[in-house]
Every structure is written in C-alpha cells, then in structure tokens.
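Asker: what shape does this take:
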Amino acid sequence: MTFPVLGLVLIASVAHAVWNLAAKSVTGKGFAFVLAYHGLSAILLAPIAIVIIASGTQSLNWGLVGAAALSAVFHIAYSVALQSGYDHAPLGVVYPTARGTGPVVTIIIAVAVLGERPTLAEAAGAFTVIAGIAVVTIRPRGGDGPTSSHGLRRGLAWGGLIGAFIASYTLWDDFAVNHVSDSPLLYFAVSEACVGLIMTAGAYALPGGREKRADFREILTSHKRALVTVAILSPLAYVLVLYAMQQAPVALVAPVRETSIVVGTLLAWWFFGERNVVLKLAGALIVVVGIGLIALG
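Answerer: Next up, the predicted model:
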C-alpha cells in the first residue's frame, strides 16, 4: 500500500470516528435519523454527480444504477443496525466489535474467495492493526464503567451483525468501483440517492410509518448539528475509502480503515474523560506499527 493511499484511508478513519460521535447523540429515532442524513448526503452529492455525467467523465447506465442500488441495501442494513445497536447496547462494546469483525470477515473472503494475495509484511500488518484495536477496546475491571454481562452479550451480538453488514458492503463496493464504475464519487452519489428513495418508501409502507415521519420532522428541527455533521463526514469518509480500494487490495484497506476505533476511543477520552488512557495509547501504538508494516509491504 503506497503512502498516498494510506493517507486517504487514515483521513477517512478520522472523519468516520467524528461522525460516529455525532451519531451517538441521537437515540431512539434510528430509522428517521438514517433517512435524514443519507437524504441530505444525496442532496449535497447531486450537483457533483450531475457535473461528472455532463462532463462525460462517467456515464450513468443501468449497470451502475443496479450496483449502487444493491450497495444502498447493504448500507441501509448497516446504518439502521448501527443506530439500533447504539440504542440497545453499550457503545464501548458495539462499535469496536462491529469495526473489528468487519475487516476480519473481509480479509478472509478477500483471500479465500477473491484470490487476493497480500505480502507477508502486509498480512502481518493487517492482523497487527486488528490486535491493536482489540487492546484499545479492553475494558478492565474498574475501567470506563460497569458493563453487565447481559449488556456485553447484546453488544457483541449487535456488533457481530453490524460487522457482517460492513463486510458485505465493503466487498461489494470494492467490486463495483473496480469493475462497474470508474468514478467512486458518482457511484456513491447514486447509491445515496437509492438509499433516500428506498427509505422514504419505507417511511410510508412499513408499519409505524407515521411515527417514523414524526421522528424525521423532529430530527430536522432538534438535531441539526448532528444531522449536518454526519451527512457531510460520512460520505467524505467512505468516498476516500472507495478511491483507496481502486488502488490497493481490500484485504489491506479494510483493517487500516478500522483505525477509526483508536481515533474514536481517544476522542472519547479527550471529550468525555474516559479512563484507561495508558492502555488505549498502548493499543494505538500497536496499530501504528501495523500500519507501518502495511505501508512497507
């Protein structure tokens, strides 16, 4: 992995950690919040997509639309599960479990099914990153607060489910930006538009639609800061990852992307005063070593 590509992924990791902190502030209105921020992202990306198509850089065709629509389904499942996980289990369990599970599944499938062959140094670096993430997320007795065994089980269950969705959209989007669309930006813009259309239909067709629409209106009036933050930083983070996946194996991009766990953990310590910072910094150092191995490989 080249240093410019590594830089793209690390910038994406910081953006991802920040938007997850913003998403954490909105509880109990998962579907409506996901619809609101994906919808706003689609609106913000629409002019860029129009310019790309009008300039002839990338044409809009049914193959691209179909690939983007399937990506939208995976991203909806991930986003709704993420907000639901935050509502029903501790953030400190759900987030690291999800972000740690996703790259492990991605690496296994990328190597076993897609035939990717990272060098020994790159493979060692990928698993070193995952090990560092595990150290960052350790919650020793008397640490960041009690977590009941029931809450831990729920967090692991939600995190595992979310991780499966992460692996699904990562692998599919890697295929799409390498074989379907030359423009990750247009591809993601169309995907966001599909998310908005599908979820808007769901707000009317699914049970509890009236409550979902009421929650949506409340999001627009009471959670503007979180909405704008996520709507801007979420697509920024993922478009950078899509460009990275055009230039490096997904088996390497996936684990480096999950350095967002380290960034998020340190931001939580900085802003919310979470304890065990020495342990968290030790994990961060292990992650840095893993990134170095991937870059040198």
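Asker: select the longest helix from the chain.
Answerer: Counting residues, the longest helix in the chain under DSSP state H turns out to be helix 149-179.
Asker: low-confidence ranges in the stretch 151-297 of the chain?
Answerer: Across the stretch 151-297 of the chain, residues meeting the criterion (pLDDT under 70) sit at 151-152, 265, 268, 271-277, 280, 291, 295-297.
Asker: would you agree V230 is in contact with V18?
Answerer: No - V230 is beyond contact range of V18, at 9.2 Å (criterion: CB atoms under 8 Å). For the C-beta atoms, the positions are set from N, CA and C on the backbone; glycine is no exception.
Asker: and the longest helix of the chain, what does it pack onto?
Answerer: Secondary structure elements in contact with helix 149-179, counted by 3 or more CB pairs under 8 Å, 6 or more residues apart in numbering; DSSP states H and E, are helix 62-88, helix 91-112, helix 184-205, helix 224-247, helix 250-257.
Asker: and the angle for that helix with helix 250-257?
Answerer: 130 degrees (axes from the mean of the first three to the mean of the last three CA atoms, to 10 degrees).
Asker: same question for helix 149-179: list its buried residues.
Answerer: Buried positions in helix 149-179, judged by neighbour count with 16 or more other CB atoms under 10 Å: 151-152, 154-174, 176-177.
Asker: between that helix and helix 184-205, how big is the angle?
Answerer: For helix 149-179 and helix 184-205, the angle between their directions (the same axes, to 10 degrees) works out to 130 degrees.
Asker: returning to what we had before: mind checking which of V230 and V18 has more residues around it?
Answerer: Higher neighbour count among V230 and V18: V230, with 27 against 19, using other CB atoms under 10 Å.
Asker: in contact with that one, which residues?
Answerer: Listed by CB atoms under 8 Å, 6 or more residues apart in numbering, the contact set of V230 reads 19, 22-23, 37.
Asker: from N20, how far out is it?
Answerer: For V230, the distance to N20 under the criterion CB to CB, to the nearest Å works out to 8 Å.
Asker: before we move on, the earlier item: of the contacts of V230, which is the most crowded?
Answerer: Highest count within the contacts of V230 by other CB under 10 Å belongs to Y37, 29 neighbours.
Asker: is it in contact with L227, as I believe?
Answerer: Yes - here Y37 lies in contact with L227, judged by CB under 8 Å, at a distance of 5.6 Å.
Asker: can you tell me which of the helices and strands packed on helix 149-179 comes nearest to A49?
Answerer: Set against A49 and scored by CB to CB, the helices and strands packed on helix 149-179 come closest in helix 184-205, at 3.9 Å.
Asker: what's in contact with the very next helix or strand once past that closest one?
Answerer: Following helix 184-205 in sequence order, the next helix or strand is helix 209-222 (DSSP states H and E). Contacts of helix 209-222 from elsewhere in the structure, counted by CB under 8 Å, 6+ apart, are 26, 29, 31-33, 35-36, 202-204, 206, 227.
Asker: do stretch 155-172 as well
Answerer: Applying CB under 8 Å, 6+ apart, the contact partners of stretch 155-172 are 67, 70-71, 74-75, 77-78, 81-82, 84-85, 88-90, 92-106, 109-110, 114, 147, 250, 254.
Asker: could you do stretch 16-26 as well?
Answerer: For stretch 16-26, contacts defined as CB under 8 Å, 6+ apart pick out 33, 37, 82-83, 86, 91, 95, 219, 223, 225-226, 229-230, 233-234, 237, 257, 260-261, 263-264, 267-268, 271.
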